[in-house]
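[1] Here is my input, please return the structure:
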Amino acid sequence: MENKLIDSHAHLDDDRFDDDRIEIINKLKDEGIELVLNPGADLATSKKAVQLADEYDFIYAAVGCHPHDSKYMDDNTMDVFRELSKNEKVIAIGEIGLDYYYDNSDRETQKIWFREQIRLANELDLPYIVHDRDAHEDLFRIMKEEAKSNTRGILHCYSGSVEMAREFIKLGFYISLAGPVTFKKAKTPKMVAQEVPLDKLLIETDSPYLTPEPNRGKRNEPKYVRYVAEEIARIRNVSADVIAGSTNKNFKSLFRLKE
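    Model (predicted):
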């Protein structure tokens, strides 16, 4: 693959990288990774994400609270997110959304803080990064109700249907695929990879989670995003460089980064 790749979602702040984080990051450019977006999942990880982005020119940050931790949210947290967003390396609010699979925070609380963080993204004219697990209907309804003319963002590690993807795209969102698209029995992600318009597609690892084949079961790393690109290329019957070029262009367009 000649083109370098962009990992649109990786948690390099995760404690599973504590032993070798610097080593992994320093190798990324040589391993064909051009940029990485590191989203926060709560206040502490958002601060870590910003710190990493400040230290490395090819890492960007997003700040926000994952639905699991929305029970800990308050207005002061929102004020800190607003302040962190003044840093030029913070290019999104996220990851935010709804998770009805684990219900680590009650659903009403999740919905309240999902709305509040969407409003923050709209206020700051930033894209937002969406986590959606088993909550498609409520999530889409809230996103639609809160949509403004500048609303845009990413459905990260997308797990829904092709039909639902089309509806999210109409709202101004990109569809990002991760390791599950490489799993042999993952029919729906492969259908999405086939059908989503190339100009609305992104790729990611969600490191250290969801490691793609052939490394499934091991810790995921940004360099493994190439396996996601290669599988999508196989499904669409194009070269991996076509997928790399398109997803890089899409990422820079969404986040208004210079080529």
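
[2] quick one: contacts of the lengthiest helix in the chain?
    Ranked by residue count, the top helix of the chain under DSSP state H comes out as helix 107-124. Identification of contacts with helix 107-124 by CB atoms under 8 Å, 6 or more residues apart in numbering yields 64-65, 67, 70-71, 73, 78, 81-82, 85, 92-93, 96-100, 127-128, 138-139, 142-143, 146, 148, 150-151, 153. No exception for glycine: its C-beta is placed from N, CA and C like everyone else's.

[3] Let's see that with 7 Å instead.
    64-65, 67, 70-71, 73, 78, 81-82, 85, 93, 96-98, 100, 127-128, 138, 142, 146, 148, 150-151 (CB atoms under 7 Å, 6 or more residues apart in numbering).

[4] what do you get for stretch 208-220?
    11, 14, 16-17, 157, 178-180, 182-183, 205-207, 224, 227-228.

[5] now the helices for the stretch 101-250 of the chain?
    107-124, 136-145, 162-170, 187-195, 225-236, 240-254 (DSSP state H, counting those that start in this stretch).

[6] Could you look over these and pick the most buried one?
    helix 225-236 (a mean of 22; mean count of other CB atoms under 10 Å).

[7] Run through the neighbouring helices and strands of that helix.
    Using 3 or more CB pairs under 7 Å, 6 or more residues apart in numbering; DSSP states H and E, the elements in contact with helix 225-236 are strand 5-7, helix 187-195, strand 201-203, helix 240-254.

[8] what's the offset of that helix from the middle of its chain?
    The chain centre lies 17 Å from the centre of helix 225-236; the measure is CA atoms, centre = their mean, to the nearest Å.

[9] Can you check what angle separates that helix from helix 240-254?
    With axes from the mean of the first three to the mean of the last three CA atoms, to 10 degrees applied, the angle from helix 225-236 to helix 240-254 works out at 110 degrees.

[10] can you state the direction angle for helix 225-236 and helix 187-195?
    Using the same axes, to 10 degrees: helix 225-236 against helix 187-195 is 70 degrees.

[11] tell me the mean pLDDT for helix 225-236?
    Mean per-residue pLDDT for helix 225-236: 98.

[12] returning to that earlier point: helix 136-145 and the longest helix of the chain, what's the angle between them?
    30 degrees.

[13] Tell me how far helix 107-124 lies from the chain's centre.
    For helix 107-124, the distance to the chain centre is 17 Å (CA atoms, centre = their mean).

[14] Over to stretch 32-39?
    For stretch 32-39, the distance to the chain centre is 11 Å (CA atoms, centre = their mean).

[15] again, but for stretch 123-139
    The answer for stretch 123-139 is 10 Å, by CA atoms, centre = their mean.

[16] average pLDDT across that stretch?
    97.

[17] Kindly format the C-alpha coordinates of that stretch as PDB.
    Coordinates of the C-alpha atoms in stretch 123-139 are reproduced here as PDB (Å, rounded to 0.1, in the frame of the first residue of the first chain):
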ATOM      1  CA  GLU A 123     -22.100  25.700  19.800                       C
ATOM      2  CA  LEU A 124     -18.400  25.200  19.100                       C
ATOM      3  CA  ASP A 125     -18.900  24.300  15.400                       C
ATOM      4  CA  LEU A 126     -17.200  21.000  15.900                       C
ATOM      5  CA  PRO A 127     -18.100  17.500  14.600                       C
ATOM      6  CA  TYR A 128     -19.100  14.900  17.200                       C
ATOM      7  CA  ILE A 129     -18.200  11.200  17.400                       C
ATOM      8  CA  VAL A 130     -21.000   8.800  18.200                       C
ATOM      9  CA  HIS A 131     -21.000   5.600  20.200                       C
ATOM     10  CA  ASP A 132     -24.100   3.500  19.500                       C
ATOM     11  CA  ARG A 133     -24.800   0.100  21.000                       C
ATOM     12  CA  ASP A 134     -28.300  -1.400  20.900                       C
ATOM     13  CA  ALA A 135     -29.800   2.100  20.900                       C
ATOM     14  CA  HIS A 136     -30.300   2.900  17.300                       C
ATOM     15  CA  GLU A 137     -33.900   4.400  17.500                       C
ATOM     16  CA  ASP A 138     -33.300   6.700  20.500                       C
ATOM     17  CA  LEU A 139     -29.900   7.800  19.300                       C
END
